[in-house]
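Novice: Sequence and predicted structure, then a few things I'm wondering about:
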Amino acid sequence: MSNLTARKQLSGEPLASGDGARGTRGRMMRTTLIALFLAGSLASAGDTEAEKQYRDAWWRESSESDLPKALAAYRRAAAADGPAEVRAKALLKVAECLKRLDKAQEAMQVLDRLRKQHPTQRQVLAKADRLSKEWTAIDLRGSYSEWYRRYLFSPAFQQRVVDRVLVMSSDNDAAEWLLSLGEAAIPALREALKSKHAELVGDARDLLVLLGDLPPAKLMLDNQDWTRDSDVWSAILSASAESRAHVAQEITSPEPVARLLKAAATSPAALIKAMAGDAGARIATNDEKAAGAIIEALFYTRDTAVHQGIADLGVHPKSPVSLRPIAAEHLLEFGWIGGTANDWLEWARDCDKFDDRQAAFHRVGRTLRPGDEEVIDSVFDDLLEIGKIRRDLQFSLAGAFADGLQNNGMSQQLSWSPERLLTYFRVCLNPEEDDSTSKFIGALRSDRSRGTNVAQALLLEPEKFEFTEDDGFGQLWNVFSFNVDDPDEAMAQARWNRWIMRGIQRGWSTWTEERRLAVVRLAYHGLVGHASHQRALGELMTKMSEGQELSEKLAPAIKKLRERSDDC
């Protein structure tokens, strides 16, 4: 080797192309010699075990490039006897090797360990801090969520979390702040469960449940004030499968709340099943608010199958009697319109509160379907029984029923016989308030066969319908009065008149004197509307009475109708 080539190798200058393979071998030899020189200079007879292991690790890393063996040696150096500075440097090198082996999380943990074990090694710690910042650096434009998560779990921020946890029993704002954090509050709340302060433990337990991290079942059952909170039951139902399974496995107690908690930790269906049994009956009897909270939480699942299960709790013969009104009340409160008309009638009978019963009667009318005629008859029977005690309640419930019918798109398909319609008029027509009832009857008049049935119903017992000289035919005057200037209304008026005339033709010969007189009076006071129609009806009655001797009351009444003036 020439002197020039040797100088270039030692100085690091590039070799000329003519130096060839000799230059490559020279560089390798130079590196080995330098490494041997440095290693030898570090060795001395008084080396500690930590220094020996550190030197061995450094050799494997720098000369042999064997990171796994170097990592193992650095670990031995950090754990061996020797100067703190050497052991601190060894830990730092452990972290660096781990990072180079793509074990970043473990590397960060080693840096944390370095800070705890060697707090006085400032130079080593400074380098550790620089490495930590380099390794955790994130481009916030694309990884903001990762940075945000690291910030929430950083020691500085977690100190703020702990401070809030310690005061949450006396500071509502602190509890709300912890809830808003989500999972970042969970580690501190878990630690609070170990406190000897009962109120702090209870608050931590409740917040953990709301955050979906269920605490041990024993803590849940030791203090059961949470059972009246629907949000807590809802959080239990929606917690992770792993968290719920852990709680369910812990519970062996036969106590009602324990069984219901275990059921809630299993599934909504299991909770409904438990509510339908002895546990539900006992909690409904002993704590109505807790039973209501459970049903409300089940509604929050927005599962139609679960909602139907709640409906079954209200009407199923085997469901607890004490639970039925609670289930019905929540079904009404949440505006649930499922179920059958018969279900709602059963709920109406069980309701303790009048407002709930009124809402249930509305649902009966709204959910009637073809084939439910027996339900209609049962409604009328119930209303008649209620009317024997209080007529005002009868009319209020009847009005709710009529409103429901008005909103029922299938009401036209129900079978309304004249007899059933007559019963409806008898039960539902309130002399003082006719709004909802009039809407119902008004909807009926648009159907040809229905109108005929209405006409026949009115003529079955006309003497029982009240009216005055000034108001005409009571409420029905508003229902069956037509605007003759409107072509459609005029046609409807003509149809209505024909229905009335047909009814009179069918029944006149069999009616008593009293019935005939009542029909004449109804006709005179607006049953067929326009005066010309009334005169035509009078002519019809006169014709049908030919050859018959009319009483002193009936004859002038028909004559008055026949001579009805257009000015009236």
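Specialist: On my side now, so go ahead.

Novice: Below-threshold pLDDT in the stretch 151-300 of the chain: ranges please.
Specialist: Filtered on pLDDT under 70, the stretch 151-300 of the chain yields no residues whatsoever.

Novice: Helices along that one, start to end?
Specialist: Per DSSP state H, counting those that start in this stretch, the stretch 151-300 of the chain carries helices over the ranges 155-167, 172-181, 186-192, 198-210, 217-222, 230-238, 241-250, 256-266, 268-275, 278-286, 288-299.

Novice: The stretch 401-550 of the chain too?
Specialist: Defined through DSSP H, counting those that start in this stretch, the helices belonging to the stretch 401-550 of the chain, from first to last, are 418-428, 435-444, 448-460, 474-479, 487-507, 513-522, 531-544.

Novice: Output the helices of the stretch 151-300 of the chain as a markdown table; include the columns distance to Pro119 and mean neighbour count.
Specialist: Heads up, the C-betas are built off the backbone N, CA and C, glycines and all. As requested, these are exported to a markdown table (distance: least, CB to CB, whole Å; neighbours: other CB atoms under 10 Å):
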| stretch | distance to Pro119 | mean neighbour count |
| --- | --- | --- |
| helix 155-167 | 14 | 14 |
| helix 172-181 | 30 | 15 |
| helix 186-192 | 24 | 18 |
| helix 198-210 | 31 | 20 |
| helix 217-222 | 37 | 17 |
| helix 230-238 | 42 | 20 |
| helix 241-250 | 38 | 15 |
| helix 256-266 | 45 | 23 |
| helix 268-275 | 53 | 20 |
| helix 278-286 | 56 | 20 |
| helix 288-299 | 50 | 22 |
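
Novice: Those: which one's closest to Ala402?
Specialist: Between Ala402 and these, the tightest spacing by CB to CB is seen for helix 288-299, at 28.1 Å.

Novice: That closest one - contacts with which helices or strands?
Specialist: Identification of packing neighbours for helix 288-299 by 3 or more CB pairs under 8 Å, 6 or more residues apart in numbering; DSSP states H and E yields helix 230-238, helix 256-266, helix 268-275, helix 278-286, helix 304-315, helix 324-333.

Novice: What angle do helix 324-333 and it make with each other?
Specialist: Relative orientation of helix 288-299 versus helix 324-333 (axes from the mean of the first three to the mean of the last three CA atoms, to 10 degrees): 50 degrees.

Novice: by contact count, what packs against the helix or strand hosting Leu131?
Specialist: Secondary structure assignment for Leu131, by DSSP states H and E: helix 122-136. With contacts defined as 3+ CB pairs under 8 Å, 6+ apart, the secondary structure elements packing on helix 122-136 are helix 84-100, helix 104-117.

Novice: Okay, buried residues for the last one please.
Specialist: For helix 104-117, a neighbour-count test (16 or more other CB atoms under 10 Å) marks Ala107, Met108, Val110, Leu111, Leu114, Arg115 as buried.

Novice: in the helix holding Leu131, what counts as buried?
Specialist: Under the neighbour-count criterion of 16+ other CB under 10 Å, helix 122-136 has Val124, Leu125, Lys127, Ala128, Leu131, Ser132 buried.

Novice: who wins for proximity to Asn172 among the helices and strands packed on helix 288-299?
Specialist: Closest approach to Asn172 among the helices and strands packed on helix 288-299 is made by helix 230-238 (15.0 Å; CB to CB).

Novice: got the contact list for that closest one?
Specialist: Residues from elsewhere that reach helix 230-238 (CB atoms under 8 Å, 6 or more residues apart in numbering): 206, 209-212, 214, 226-227, 244, 247, 261, 264-265, 268, 271, 292-294, 296-298, 300-301.

Novice: can I assume Arg324 is in contact with Trp347?
Specialist: Yes: A contact is recorded between Arg324 and Trp347 when judged using CB atoms under 8 Å, the distance being 7.3 Å.

Novice: who has more neighbours, those two?
Specialist: The residue with more neighbours, out of Arg324 and Trp347 and counting by other CB atoms under 10 Å, is Trp347; that gives 27 against 20.

Novice: if you skip the residues just before and after it, what's nearest to that one?
Specialist: Take Trp347 and drop its neighbours on the chain: the residue closest to it by CB to CB, 6 or more residues apart in numbering is Ala328, 3.7 Å away.

Novice: and if you look at Leu550?
Specialist: Closest residue in space to Leu550, ignoring its immediate chain neighbours: Ile558 at 7.2 Å, by CB to CB, 6+ apart.

Novice: Please give the element, helix or strand, for the one you found.
Specialist: In this structure, Ile558 sits in helix 554-562 according to DSSP H and E.

Novice: and the angle for that helix with helix 513-522?
Specialist: Going by the same axes, to 10 degrees, helix 554-562 is angled at 20 degrees with respect to helix 513-522.

Novice: So for helix 554-562, what gets flagged as buried?
Specialist: By neighbour count, with 16+ other CB under 10 Å as the criterion, the buried positions of helix 554-562 are Leu554, Ala557, Ile558, Leu561, Arg562.

Novice: That helix packs against which elements?
Specialist: Packing partners of helix 554-562 (3+ CB pairs under 8 Å, 6+ apart): helix 513-522, helix 531-544.
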